[in-house]
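In: Below are the sequence and a predicted model; questions follow.
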Amino acid sequence: MKITSITALAALAIMSGACVAEAAQCQTRLLTGMWVGQERNDDEYCIVQFRRSGWVVQASCFNEDTLISTGTWNGRFTTTRDCSVSGNFDFIPTRGRKINIVFNGTMNPRRGIMTGTMSSRGGERVRFRFVQQWN
């Protein structure tokens, strides 16, 4: 009985170590490509293209019904080994002043999904989800 328990614990330790090693595989370069994002329960979408360095190449947000642009982005996202993602960018609306936005979330590189929250200084946090289209 003790041998079985020790064997089971050893196997569990090996498996959990493998899971940690597998989970720690994110890098900023995995952001490379085109992503589509949407705030939860909103009718506006954003298309964002990232360089390998995480800098935004180009971005456009638009209303899903009218397809009229509501603004662009300028900034950078970075990813840590444990797949945490942070971003700091300026949203430049078609009308009005630019707004600095902070994104904090996580990425699942196998599924090509980033989820997290966005907020501006003094503004409320909103949940946002991105899906990678191609890289």
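Out: Received the coordinates, thanks. Note that the structure is predicted; figures quoted are calculated from it, not measured.

In: C-alpha from now on. contacts and neighbour counts both.
Out: Noted.

In: residues contacting Ser69?
Out: Residues in contact with Ser69 (Cα atoms under 8 Å, 6 or more residues apart in numbering) are 60-63, 94.

In: Ranking by neighbours, what's the top pick from these?
Out: Within the contacts of Ser69, most neighbours by other Cα atoms under 10 Å means Cys61, with 24 neighbours.

In: now that one: how far from Leu30?
Out: 22 Å (Cα to Cα, to the nearest Å).

In: Also Thr79?
Out: In terms of Cα to Cα, Thr79 sits 8 Å off from Leu30.

In: How about Ser86?
Out: According to Cα to Cα, Ser86 and Leu30 sit 13 Å apart.

In: likewise Glu44?
Out: Applying Cα to Cα to Glu44 and Leu30 gives a distance of 25 Å.

In: just Thr72 next, same as before
Out: 22 Å.

In: circling back: where is pLDDT lowest across the contacts of Ser69?
Out: Lowest pLDDT among the contacts of Ser69: Asn63, with 92.

In: backbone phi and psi for the nearest residue to that one once chain neighbours are set aside, please?
Out: Excluding the flanking residues, the one nearest Asn63 by Cα to Cα, 6 or more residues apart in numbering is Glu44, at 4.5 Å. Dihedral angles of Glu44 (phi, psi; degrees, to the nearest 10) stand at phi -120, psi 140.
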